[in-house]
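Trainee: take a look and give me a structure for this.
(one chain, ligands or ions: 2)
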Amino acid sequence: MAQLSIHQLSKRYKTGEGVSDISLEVQKGELISLLGPSGCGKTTVLRSIGGFLDPEGGDIRIKGQSILSMPPEKRPTAMVFQSYNLWPHMTVYENLAFGLKIRKRKKEDIHYAVTRALEMVRLSGAEKKYPTELSGGQQQRIALARALLLEPEVLLLDEPFSALDAKLRLEMREELREIQAATGMTMVFVTHDQEEALSISDRIVVMNAGKIEQLATPKELYDHPATLFVASFIGRMNFLKGVADGGEARVEGLDYPLKTDLSGNVILAVRPEEVQIRDEHEAGMQATVRQIMMLGHYAEISLDTQHGIVKSFLPREKTEQLQQGQSCKVHVGRTSIFSD
Ligand SMILES: Nc1ncnc2c1ncn2[C@@H]1O[C@H](COP(=O)(O)OP(=O)(O)OP(=O)(O)O)[C@@H](O)[C@H]1O
Ligand SMILES: [Mg+2]
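Mentor: Ligands and ions are numbered 1, 2, ... in the order given. Sure, this is the predicted structure:
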């Protein structure tokens, strides 16, 4: 049985915005991300799970039981917000103990749980400090510890690291992944940062305008985007306009067999690492080298073509013969084809 299952969830605000037809299942111990641009409905889904919003349609179940009629504090969930939401007048210990106190847990148990949670977020010894005496990253770790020690069936995280600087964000990602591995906790993580989602998730739910575009592993999303939106939202991509006809999609000098029955105008989405540069005499799309940028172990090549600028990522050693202004042919490996 799925740890969390959402069935045809819908929520419309008075403005007409919101989410509709959201269905997904999260397995125990899985970290799933809700990823999409600002306003696509990520927080709306997360708050509906946490009980801070009343959806008008659909169902949300945890371990098979509908939780919709429960108030937030009765749900087997805990939420970590973007802003840390620590109580400033309480010490770290008191902040952490609070949730367990209202659950009437014994003093020794609370002490044990708080100590363990602090170890987990690597802040042992911070018990007596006040939130203002901690850095942003440390405060967010305390907020995470507070949610962890409630031992929720599903931990909800709404852009928890977005207020932190880039280096700290990377560290926190790794720590969250380690905590998840150590605890086996099921997590739903909201972010609008595709790199963050790709790096920490078991699976990603890509959302756009209140709907799910694709639900897949990071690798599947990257290699086989299901829609043009996903293709343009995840990773770097070239888009070439072509025509589909007789089981093939064609762009100047290139053709690809079609797996679907597309016809008419199509768009080919091509990752820069799938763009190869060949000798001018070979088959392919006519191009001129516009710019070569060395980026460590690989180079980013901009090519001028009849179809606009095409970017290619090549290993450094493959760029030695290339020169700016040189004529060449472009050959494309894997491509995803969408109707235009
Ligand atoms: N309380 C509200 N009343 C009316 N409209 C709302 C309310 N909350 C959110 N919305 C609208 O619903 C849509 C989805 O909002 P939501 O907060 O879920 O987006 P999000 O994906 O979390 O965005 P962000 O990345 O900016 O946090 C948006 O268009 C937003 O303007
Ligand atoms: Mg949000």
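
Trainee: what's stretch 34-44 in contact with?
Mentor: With C-beta atoms under 8 Å, 6 or more residues apart in numbering as the test, stretch 34-44 has contacts from 11, 17-19, 22, 45-46, 53, 158, 188-194, 197, 204-211, 213, 233. Just so you know, the C-beta spots here come from the backbone N, C-alpha and C atoms, and that holds for glycine as well.

Trainee: okay, and which of those residues map to helices?
Mentor: Among the contacts of stretch 34-44, the members falling in helices are 45-46, 194, 197, 233 (criterion: DSSP state H).

Trainee: for those, which one is nearest Gly125?
Mentor: When those are compared for distance to Gly125 (C-beta to C-beta), Leu46 wins out at 32.0 Å.

Trainee: OK, contacts around that closest one?
Mentor: Per C-beta under 8 Å, 6+ apart, neighbours of Leu46: 34, 79, 156, 158, 188, 190.

Trainee: now swap in Asp193 and tell me
Mentor: 35, 162.

Trainee: helices and strands of the protein: which one has the lowest mean pLDDT?
Mentor: The least trusted helix or strand in the chain, going by mean pLDDT, DSSP states H and E, turns out to be strand 254-257, with a mean of 88.

Trainee: who wins for most neighbours among the ones in helices among the contacts of stretch 34-44?
Mentor: Ranked by neighbour count (other C-beta atoms under 10 Å), the ones in helices among the contacts of stretch 34-44 have Val45 at the top, with 28 neighbours.

Trainee: hang on, that one packs against Ile6?
Mentor: Yes. Look at Val45 against Ile6 with C-beta atoms under 8 Å: they come within range, at 7.4 Å.

Trainee: common neighbours of those two, please.
Mentor: What both Val45 and Ile6 touch, as defined by C-beta under 8 Å, 6+ apart, is the set Ile22.

Trainee: would Met294 count as being in a strand?
Mentor: Yes. Under DSSP: H, G, I helix; E, B strand; the rest coil, Met294 falls within a strand.

Trainee: check contacts around the closest residue to ligand 1 within the stretch 151-300 of the chain.
Mentor: Nearest residue of the stretch 151-300 of the chain to ligand 1, counting by C-beta to the nearest ligand atom: His192, 4.6 Å away. Listed by C-beta under 8 Å, 6+ apart, the contact partners of His192 are 35-38, 42, 159.

Trainee: apply 7 Å and report the result again.
Mentor: For His192, the contact set (C-beta atoms under 7 Å, 6 or more residues apart in numbering) comprises 35-38.

Trainee: how close does it get to Pro131?
Mentor: 26 Å (C-beta to C-beta, to the nearest Å).

Trainee: in terms of contact, does Leu176 touch Ile200 like I think?
Mentor: Yes. Leu176 is within contact range of Ile200, at 6.5 Å (criterion: C-beta atoms under 7 Å).

Trainee: the more surrounded of these two?
Mentor: More neighbours surround Leu176 than the other of Leu176 and Ile200, with 23 against 20 (other C-beta under 10 Å).

Trainee: chain center to the host helix or strand of the more buried one, what's the gap?
Mentor: Following DSSP states H and E, the helix or strand that holds Leu176 is helix 166-183. Relative to the centre of its chain, helix 166-183 is centred 14 Å away, using C-alpha atoms, centre = their mean, to the nearest Å.

Trainee: mind listing what's buried along stretch 12-31?
Mentor: Neighbour-count burial for stretch 12-31, counted by 16 or more other C-beta atoms under 10 Å, picks out 18-20, 22, 24-26, 30-31.

Trainee: mind checking which of the residues you listed land in strands?
Mentor: Among the buried residues of stretch 12-31, DSSP state E puts 18-20, 22, 24-26, 31 in strands.

Trainee: only C-alpha atoms, please: export the strand or helix carrying Ile6 in CSV.
Mentor: Mapping Ile6 onto the secondary structure by DSSP H and E places it in strand 4-12. Provided in CSV are the C-alpha atoms of strand 4-12 (Å, rounded to 0.1, in the frame of the first residue of the first chain):
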residue,chain,number,x,y,z
LEU,A,4,0.6,8.6,0.7
SER,A,5,-1.9,8.6,-2.0
ILE,A,6,-3.6,11.6,-3.6
HIS,A,7,-6.6,11.0,-5.8
GLN,A,8,-8.0,13.6,-8.1
LEU,A,9,-7.3,16.5,-5.7
SER,A,10,-8.7,19.8,-6.7
LYS,A,11,-8.6,23.2,-5.1
ARG,A,12,-9.9,26.4,-6.7
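
Trainee: so which of the contacts of His192 also contact ligand 1?
Mentor: Counting by C-beta under 6 Å from any ligand atom, 36, 38 from those sit close to ligand 1.

Trainee: which one (most neighbours) among the contacts of His192?
Mentor: Neighbour max across the contacts of His192 (other C-beta under 10 Å) = Leu35, 29 neighbours.

Trainee: show the model's pLDDT score for that one.
Mentor: Per-residue pLDDT puts Leu35 at 97.

Trainee: ok, the closest residue to it other than its chain neighbours - contacts?
Mentor: Distances taken as C-beta to C-beta, 6 or more residues apart in numbering place Ala197 nearest to Leu35, at 4.2 Å, with adjacent residues excluded. Shown in contact with Ala197 (C-beta under 7 Å, 6+ apart): 33, 35, 191, 204.

Trainee: next: Thr288.
Mentor: Contacts for Thr288 (C-beta under 7 Å, 6+ apart) come out as 303-304, 325-327.
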